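Colleague: Sharing a model prediction with you, sequence too.
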2 protein chains.
Amino acid sequence: MSSPSLSAHSPGSTPTSAREDYLECILQLIQQKGYARAVDIAANLGIAQASVTNMTQRLDAEGLLRYEKYRGVTLTPTGEKLARGVIQRHDILARLLRHFEIDEATIHRDVEGMEHHISRQTLRVLTALTEELDRSPELVERLKTTVK
Amino acid sequence: MSSPSLSAHSPGSTPTSAREDYLECILQLIQQKGYARAVDIAANLGIAQASVTNMTQRLDAEGLLRYEKYRGVTLTPTGEKLARGVIQRHDILARLLRHFEIDEATIHRDVEGMEHHISRQTLRVLTALTEELDRSPELVERLKTTVK
DNA sequence: ATGAAATTTTAGGCGCAACTAAAATTTCTC
DNA sequence: GAGAAATTTTAGTTGCGCCTAAAATTTCAT
């Protein structure tokens, strides 16, 4: 039922999860600190610095970011759009789950895994759902009792 | 923020997504036809038959199924439990999304991607949510209007 | 029961995305 | 501004999970 794994990232195709993780992380760093250095990307993703160089070179070749040796990286418009999408999906999922009493670590793991697989359509639904939970604490309460 | 990719499947560790896809597919075949042949597994997963042999050998070594050369495969209790878990997560996600007007193809793709990343806690929440939607068509209607 | 067809296995290979170790470059400190 | 420290890059390696082609085995039809 699943596709033969996301292989070759032809330009225009959907980035792999790993690529999305990089883009997300890079945008977050840029927003937080104004720049994205390899050492911080590596720390945030929990991988070795050399792996970052490697991947950022590929992402540059694919037009998702601009990479200059020994200088930091910046996102291209395409890359930034993708990064914003991932962050948006991440945030909605986290907001949705936080309505219930799920530990943050679990929320983090689940969201991290799911955020790469949500279509625009599903995102819209989850957004509506989350906003309904925001404005209807009774609903949240009813659900929480059902859960336990 | 993400882990260094799911590498070595040490016994007792969480199976990779690919492994879960195999287990899910195998259990479905066994339920449907009484047995699981490589040719059907390959067709269902959209991969080559040789890849199935390869993976089933690994899954046997890991104790998730029993593999006998030129004979089919059967799930061990561990493998079957895992397969049931995946199918359960799959079904809940699909039921949840089907409450809205999302095309089946999109539901299929999203579920296929997300089903590997849902914890027990989150599963419980999504189940409660789905059952609430089952019994409250007004809520569904309200959400559907918000979405469009 | 034998030969053709289907299925399964073996063998070798590939791309992705990680790793380590060592070399190159930049940045900080005095 | 020289040297130490930090960072980045290069080079080479690994495991996963897929591939194709060819060989082995089983199954099916006559």
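Modeller: Ah, there it is.
Colleague: tell me which element A:Thr56 falls in.
Modeller: Per DSSP states H and E: A:Thr56 is located in helix A:49-61.
Colleague: Go through the strand or helix carrying A:Glu138 and flag the buried ones.
Modeller: Using DSSP H and E, A:Glu138 falls within helix A:137-147. For helix A:137-147, burial by neighbour count (16 or more other Cβ atoms under 10 Å in any protein chain shown) applies to A:139, A:143, A:147. C-beta here means a position set from N, CA and C on the backbone, and glycine is covered the same way.
Colleague: ok, and the closest non-adjacent residue to the residue positioned nearest the centre of chain A?
Modeller: By Cα atoms, centre = their mean, the mean C-alpha position of chain A lies nearest to A:Val86, the distance being 3.7 Å. Nearest residue to A:Val86 in three dimensions, chain neighbours excluded: A:Glu24, at 4.4 Å (Cβ to Cβ, 6 or more residues apart in numbering or on different chains).
Colleague: and the gap between that neighbour and A:Asp103?
Modeller: Distance, A:Glu24 to A:Asp103, using Cβ to Cβ, to the nearest Å: 22 Å.
Colleague: So if I had to pick from the two, which one is more boxed in?
Modeller: A:Glu24 (25 against 10; other Cβ atoms under 10 Å in any protein chain shown).
Colleague: tell me which element the more buried one falls in.
Modeller: Using DSSP H and E, A:Glu24 falls in helix A:17-33.
Colleague: Could you look up the SS state of A:His116?
Modeller: A:His116 falls in the helix class when you classify it by DSSP: H, G, I helix; E, B strand; the rest coil.
Colleague: before we move on, the earlier item: and the helix or strand following the helix holding A:Glu24, what does it pack onto?
Modeller: Reading on from helix A:17-33 to the C-terminus, the next helix or strand found by DSSP H and E is helix A:38-45. Other helices and strands packing on helix A:38-45, by 3 or more Cβ pairs under 8 Å, 6 or more residues apart in numbering or on different chains; DSSP states H and E, are helix A:17-33, helix A:49-61.
Colleague: hmm, helix A:38-45 in reach of DNA strand D?
Modeller: Yes: using Cβ under 7 Å from any atom of the strand, helix A:38-45 reaches DNA strand D at A:38-39.
Colleague: chain center to that helix: distance?
Modeller: 15 Å (Cα atoms, centre = their mean, to the nearest Å).
Colleague: Enumerate the positions of that helix that are buried.
Modeller: Across helix A:38-45, burial judged by 16+ other Cβ under 10 Å covers A:38, A:40-42, A:44-45.
Colleague: what's the angle between that helix and helix A:49-61?
Modeller: Computed by axes from the mean of the first three to the mean of the last three Cα atoms, to 10 degrees, the angle separating helix A:38-45 from helix A:49-61 equals 100 degrees.
Colleague: tell me the mean pLDDT for helix A:38-45?
Modeller: Averaged across helix A:38-45, pLDDT comes to 96.
Colleague: what do you get for stretch A:57-68?
Modeller: Per-residue scores along stretch A:57-68 average to 94.
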